[in-house]
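> let's see this in three dimensions:
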Amino acid sequence: MSAEPARASVQTGENGLLQLQGELDFVSVLAVREQLAERIAASRGDIMLDLSGLQRVNSVGLSLLLRVAEQAAEAGRNLRLRGVPAGLQSIAEVCGLDTWLHQVSAA
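Modelled structure (predicted):
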């Protein structure tokens, strides 16, 4: 029985932009969390995440973003998001976090 390929991944783009790709869900969140932690620890300044490569995301993805924002704040850094999928915006609205999501989304 072969291992299932990664459902989601983190790529590092230009100027330290972190790009999330694939399906961010209960199956993939632990691997993505580890990848993000490594890349964030190796970077300086604000944390910019591009979510436009996510094909699917559920509430666990929102939870991960909240945790990253908390860790960034503890380190005196800001989290900025771009390319937020409509599905994630809907989940944030249901959870009462749409204002927060709007605040961290880059213009």
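
> C-alpha only now, for contacts and for neighbours.
Will do.

> roughly how far does the most centrally placed residue in the chain sit from Q35?
Closest residue to the average C-alpha location of the chain: L65 at 4.9 Å, with C-alpha atoms, centre = their mean. Separation of L65 from Q35 (C-alpha to C-alpha, to the nearest Å): 13 Å.

> give me the buried stretch members for the helix or strand hosting the residue nearest to the centre of the chain, please.
Following DSSP states H and E, the helix or strand that holds L65 is helix 59-74. Judged by neighbour count using 16 or more other C-alpha atoms under 10 Å, the buried positions of helix 59-74 are S59, G61, L62, L64, L65, L66, V68, A69, Q71, A72.

> who are the contact partners of the fourth one?
L64 is in contact with V29, R33, counting by C-alpha atoms under 8 Å, 6 or more residues apart in numbering.

> who touches stretch 17-30?
6-13, 32, 47-61, 64.

> what do you get if the cut-off is 7 Å, keeping everything else the same?
Defining contact as C-alpha atoms under 7 Å, 6 or more residues apart in numbering, one finds that stretch 17-30 is touched by 7-13, 48-51, 53-58, 60-61.

> could I get that stretch in PDB with only the CA atoms?
Extracted C-alpha coordinates of stretch 17-30, given in PDB (Å, rounded to 0.1, in the frame of the first residue of the first chain):
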ATOM      1  CA  LEU A  17       5.600  35.200   0.300                       C
ATOM      2  CA  LEU A  18       4.300  31.800   1.500                       C
ATOM      3  CA  GLN A  19       1.900  30.200  -0.900                       C
ATOM      4  CA  LEU A  20      -0.600  27.600   0.400                       C
ATOM      5  CA  GLN A  21      -1.700  25.100  -2.300                       C
ATOM      6  CA  GLY A  22      -4.000  22.100  -2.500                       C
ATOM      7  CA  GLU A  23      -6.700  21.000   0.000                       C
ATOM      8  CA  LEU A  24      -6.400  22.300   3.500                       C
ATOM      9  CA  ASP A  25      -8.400  20.000   5.700                       C
ATOM     10  CA  PHE A  26      -8.200  17.700   8.700                       C
ATOM     11  CA  VAL A  27      -6.000  15.300   6.800                       C
ATOM     12  CA  SER A  28      -3.400  17.900   5.600                       C
ATOM     13  CA  VAL A  29      -3.400  20.500   8.400                       C
ATOM     14  CA  LEU A  30      -0.600  18.900  10.600                       C
END
